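Peer 1: Attaching a predicted model along with its sequence, questions to come.
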Amino acid sequence: MMSENNFLYNLLNLNVDGITNAQVRTVRNIMKENPDCNAERMQDISKAGAGLLDFVTAILGYCAVAREIKPKREKVAKLEKNFQVSKRELDRITAECASLSAELEDLSRRFEEAMSEKQQLQDEAEL
């Protein structure tokens, strides 16, 4: 297995997020059942094997952390999506408020002009 030409490439490109809980349990059980499956003993047997054992141990640690982090990542993704939806809605409402404010200013200006014209007409009528 370790003598295969693409062994290191496969290790480097391993999809660790695709490792299932069942696979993790299987590897942990194998490691528990085998008394030679510890860092010190493996170092005496094979340096390459010891390096591979360190890699497997690190991957198992990653899987344990990833299992806790996955629901949090999903929650963050959901919250980010909700944030984007809310932000678009806020932008739409802000634009609508700006439009209504401009319309209100125009109507207020027209009202003032109409009131001024009314006052002028009343003043002319009184003369």
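Peer 2: On my side now, so go ahead.
Peer 1: what about the residue nearest the centre of the chain, which SS state?
Peer 2: Centroid check for the chain by Cα atoms, centre = their mean gives residue 77 as the closest residue, at 3.9 Å. Per DSSP: H, G, I helix; E, B strand; the rest coil, the local secondary structure of residue 77 is helix.
Peer 1: what pLDDT does it get?
Peer 2: As summarised for this prediction, residue 77 has a pLDDT of 97.
Peer 1: same deal with residue 61?
Peer 2: So residue 61 comes in at 94 (pLDDT).
Peer 1: helices or strands up against the helix or strand hosting it?
Peer 2: Here residue 61, judged by DSSP states H and E, is contained in helix 47-126. Other helices and strands packing on helix 47-126, by 3 or more Cβ pairs under 8 Å, 6 or more residues apart in numbering; DSSP states H and E, are helix 21-33, helix 39-45. Yep, even glycine has a C-beta here, placed from its N, CA and C like the rest.
Peer 1: Tell me the gap between it and the middle of its chain.
Peer 2: The chain centre lies 16 Å from the centre of helix 47-126; the measure is Cα atoms, centre = their mean, to the nearest Å.
Peer 1: could you check the angle helix 21-33 makes with it?
Peer 2: 150 degrees (axes from the mean of the first three to the mean of the last three Cα atoms, to 10 degrees).
Peer 1: about what we covered before: and the residue nearest to the centre of the chain, how far from residue 36?
Peer 2: Here residue 77 is placed at a distance of 43 Å from residue 36 (Cβ to Cβ, to the nearest Å).
Peer 1: What of residue 112?
Peer 2: 94 Å.
Peer 1: shaky segments in this structure?
Peer 2: For the chain, the stretches flagged by pLDDT under 70 are 1-3.
Peer 1: 90 instead, please
Peer 2: The chain contains residues with pLDDT under 90 at 1-14, 16-18, 31-52, 123, 125-127.
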